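Q: compute the structure for the input listed below.
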Amino acid sequence: MALIVQKYGGTSVANVERIRAVAERVAKFKMLGHQVVVVLSAMSGETNRLIALAKGIQAQPDPRELDMLVSTGEQVTIALLAMALKDLGLKAKSYTGAQVRILTDNAFTKARILSIDEASMRADLDSGHVVVVAGFQGVDEQGNITTLGRGGSDTTGVALAAALKADECQIYTDVDGVYTTDPRIVPEARRLKTITFEEMLEMASLGSKVLQIRSVEFAGKYKVKLRVLSSFQDEGDGTLITFEENDSMEQAIISGIDLNRH
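A: Below you'll find the model as predicted:
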């Protein structure tokens, strides 16, 4: 039995049908006997919609109030997924970042995680629940809701995996792994079975959009195994991003080249 953290991006929870598909995927992992924590983004386009609403009221939205507003996007998807899991007969419980107690600093719209209280999540997992957590958000010492900035949901997934000492953190996106270059531009691009954190950081710094550089740095620091998978395919092992504790890590190895279209 493994403890797995799964993170699903906005396209993976874009509508009710996609959320049901995520629930069915999670159910398969539960049937295999695994403990599962699910981290969700807001529905595709929802965060941008909320930011536009804020700018319709205030040209430069107040950062504290903006975080209060945009954090509601993930609250919708976690509640819906918990309902979908219960509809499949599973025990499930949803949590906002504040309820988990993902403690951050008070840098609104770009907060950094300071600590995570994993006790309630562990208790739920031990009692057979799937734990569903809102990505991208936390709470500061004064109880203010904060958001983690770009790629924040990836960072939440990795941080929870580190706190829970999970066996793996699976990042589900609309691509089935990390490629040597953009397969939409170069048809001969290869999907990599494995890649090191250093190589992934190199690709992210060159503009690869598969994972945000901050979440890769976090995973490398806390030795969290990352796997990139597609939520639109039922099969495939994706790409495992891992670490090798040997001297060869210092050698410069180019695994891929990212192309930016202008």
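
Q: and the spatially most central residue of the chain, which of the three is it?
A: Nearest residue to the geometric centre of the chain (C-alpha atoms, centre = their mean): residue 154, 3.0 Å. Applying DSSP: H, G, I helix; E, B strand; the rest coil to residue 154 yields a three-state assignment of helix.

Q: repeat for residue 158
A: helix.

Q: check residue 187 too.
A: coil.

Q: gap between it and residue 181?
A: 10 Å (C-beta to C-beta, to the nearest Å). Every residue, glycine included, has its C-beta placed from N, CA and C.

Q: swap in residue 195?
A: Taking C-beta to C-beta, one finds residue 195 at 13 Å from residue 181.

Q: now swap in residue 29 and tell me
A: Taking C-beta to C-beta, one finds residue 29 at 31 Å from residue 181.

Q: again, but for residue 233
A: In terms of C-beta to C-beta, residue 233 sits 20 Å off from residue 181.

Q: higher neighbour count, residue 187 and residue 181?
A: residue 181 (16 against 6; other C-beta atoms under 10 Å).

Q: which element is the more buried one on?
A: Residue 181 is located outside every helix and strand, with elements delineated by DSSP states H and E.

Q: that one against residue 189, yeah?
A: Yes: the pair residue 181 / residue 189 is scored as a contact, 4.8 Å apart, by C-beta atoms under 8 Å.

Q: run through the helices of the stretch 51-200 of the chain in chain order.
A: In the stretch 51-200 of the chain, the helices defined using DSSP state H, counting those that start in this stretch lie at 63-70, 72-87, 97-100, 119-126, 152-164, 197-205.

Q: and the ones you listed as TSV, adding mean pLDDT?
A: Listed next are those as TSV, based on pLDDT from 0 to 100:
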stretch	mean pLDDT
helix 63-70	98
helix 72-87	98
helix 97-100	96
helix 119-126	96
helix 152-164	93
helix 197-205	74
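
Q: out of the ones you listed, deepest packed?
A: helix 152-164 (a mean of 26; mean count of other C-beta atoms under 10 Å).

Q: what's the straight distance from one end of stretch 100-120 to the other?
A: 7 Å (C-alpha to C-alpha, to the nearest Å).
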